[in-house]
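Q: coordinates only, sequence not included:
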């Protein structure tokens, strides 16, 4: 699904250079569920920005779905984000002035999709996240968990190949967090690759694979409990 | 459509900034449109239906030893002499032709309550009314034969007819001008030409004269009309015992002369004028080289600085004022667009291209421009009314100080343009920032 080789990202100010990613190498298979862990400042968010084509990188090669995006134009990157990548943020990032339906509608409109198809996709996504009855509600009228489910609906309505989740349960209580994780697992089981940044080892355990970042480098790669269990069953 | 929808949502999210932007743009547009209207009034085509057929005629009868002063270098005097007008009038090439001059006279109303008053009357020929498409409420102008036999006939303006006869049909009634009763042959409908192209030298922005009489009454000593307006002479002419020789023999230039020519008649008319001048040279007049000008109306207005340069200065000031308003709006927009960078970042993450973001921000500016345009036109209407009150009637009559449809449209376009221009840089800047930076994910 994606292959990063020698990725570098440097933030420069007048006086200082910060190496956020240093020779980062990583391969993620299609349909994989990857958890990215690491302490604050380890480069997790930078990693997610680069992988999600939200920011440029300064060196290395990045193959996304078979395409070398190192030299992709801004327009091409926007199109890839729109059609192949879904985002879920810790703070939900819904547009407060738009209702649930219109929030989910935004990325679909950028694709110039017909209204009837957009409606079908939005209703299907809302059904998946269990919010069919809330499409006229505004974000402020929803709980945190519901808002995050709307954000997930917005991400999956475009049927992306990859979902990037940045601390998706960071602002939620335990019950809500579990529901969101269940939802992510369901989406992953349907074939969508998921990369999730998290501080929570328990959540990370639910991924197929965990990587640990430190000072912009991948320091360890662990098979998650779920994949180990699956392998154990296969081996028996 | 969705872009406009998102733009409208954004405007509603920042109501105070939107309001300030609309007010600033409306102030700029209101002031600009007011000032441009003052320029537009005297600069418009005063008679679009036939301005290409009307020509001002000048012949160079001036002093060989000096250049006439109040014209472009090398041009003949701005007026012609009476003797030249009389002879040029003999041509049958023009469809219509008329001399134009002004004279002071006293009016003695039938109703003595109105009292005697002095006014400027228009001296012209019978062709004047057809040439200018003057609209009649009652009757018509006088005929060429009435002119030749110098009948005491007069055409009244609507205003004079209202004053002297209460607005009723006064054709056939008499008006006493100085010592003589003049019979009314026609009453004009309300008619104001801006600018008054046929007399841009003396009455460029004034009202239509109230009384029109056949030109040659100026020679009638008993009637005693007094010429008024610009007049220039050269040479040592002395009328002596024959005051009428001023008209027949002097080189005094004081008459604007107009002809209406159909398209194919211009060259033959120019030949006629040149031939006339050559004939006059044979009798010792026209000492300067052949230098006659048959000038199209709109060019004549340009030559005579219509509208006057100060009006153009007002336009420049208005554009500068609008530019200052735009600059201020640009500052406000920069602040606003920066404040909502995160929102832009979200849209970018969802797949919006730079073009999407740019267009959405310009759409916001478009909406502000539309709103500013609507409010600005009310400001402009108020501004024009203030201008109307401030300008004395003798300089510009109040009825001509209005905003026409062209000005309404211009105001609206200016508003949208100013708003869009002020939004270009902020919109461009917000597009250039990486989505990750806008969202501040770290």
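A: Received the coordinates, thanks. Keep in mind the model is a prediction, meaning the values are calculated, not measured.

Q: How many residues are close by the closest residue to residue B:136 other than its chain neighbours?
A: Here the nearest residue to residue B:136 in space, its sequence neighbours aside, is residue B:186; by Cβ to Cβ, 6 or more residues apart in numbering or on different chains that works out to 5.0 Å. Heads up, the C-betas are built off the backbone N, CA and C, glycines and all. Taking other Cβ atoms under 10 Å in any protein chain shown as the neighbour definition, residue B:186 ends up with a count of 21.

Q: helices or strands next to the top strand by length along chain B in the packing?
A: Longest strand in chain B, counting residues (DSSP state E): strand B:96-108. With contacts defined as 3 or more Cβ pairs under 8 Å, 6 or more residues apart in numbering or on different chains; DSSP states H and E, the secondary structure elements packing on strand B:96-108 are strand B:117-124, helix B:127-131, strand B:174-177, strand B:226-228, strand B:253-260.

Q: What strands flank that strand, and is each parallel or antiparallel?
A: strand B:117-124 (antiparallel), strand B:174-177 (antiparallel), strand B:226-228 (antiparallel), strand B:253-260 (antiparallel) (DSSP bridges).

Q: in the third one, what counts as buried?
A: Buried residues in strand B:226-228, defined by neighbour count with 16 or more other Cβ atoms under 10 Å in any protein chain shown: residue B:227.

Q: any idea how far that strand is from the chain center?
A: Mean C-alpha position of strand B:226-228 versus that of the full chain (Cα atoms, centre = their mean, to the nearest Å) differs by 25 Å.

Q: What's the first helix or strand after it?
A: helix B:245-249 (DSSP states H and E).

Q: do the same with the second one
A: Going down the chain from strand B:174-177, the next helix or strand is strand B:180-188, by DSSP H and E.

Q: Switch the strands paired with strand B:96-108 over to TSV; also include mean pLDDT.
A: Shown next, in TSV, are the strands paired with strand B:96-108 (pLDDT from 0 to 100):
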stretch	mean pLDDT
strand B:117-124	96
strand B:174-177	96
strand B:226-228	92
strand B:253-260	97
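
Q: Which of these sits closest to residue A:207?
A: Evaluated over the strands paired with strand B:96-108, closeness to residue A:207 peaks at strand B:253-260, with 92.0 Å, by Cβ to Cβ.

Q: Contacts only, for residue 215.
A: Picked chain A for this. Applying Cβ atoms under 8 Å, 6 or more residues apart in numbering or on different chains, one finds that residue A:215 lies in contact with A:19, A:22, A:42-43.

Q: wait, I meant chain B there
A: The contact partners of residue B:215, taken as Cβ under 8 Å, 6+ apart, are B:85, B:98-99, B:101, B:123-125, B:147.

Q: Check those residues against chain A and report the nearest one.
A: residue B:98 (66.2 Å; Cβ to the nearest Cβ).

Q: Is that closest one bridged to anything, and to what?
A: Residues found in beta-bridge contact with residue B:98 (criterion: DSSP bridges) are residue B:258.

Q: per-residue pLDDT, residue 157?
A: Looking at chain A here, since you left the chain open. At residue A:157 the predicted local distance difference test score is 92.

Q: wait, I meant chain B there
A: Confidence for residue B:157, expressed as pLDDT, is 97.

Q: With residue B:274 instead?
A: Looking at residue B:274, its pLDDT reads 96.

Q: Please apply the same query to residue B:440.
A: Residue B:440 is assigned a predicted lDDT (pLDDT) of 68.

Q: on that earlier part again, what about chain B: which of the contacts of residue A:215 touch it?
A: Filtering the contacts of residue A:215 for neighbours of chain B using Cβ under 8 Å from any Cβ of the partner chain leaves an empty set.

Q: What part of chain A, helix or strand, is modelled with the least confidence?
A: For chain A, counting by mean pLDDT, DSSP states H and E, helix A:225-235 ranks last in confidence among helices and strands (a mean of 47).
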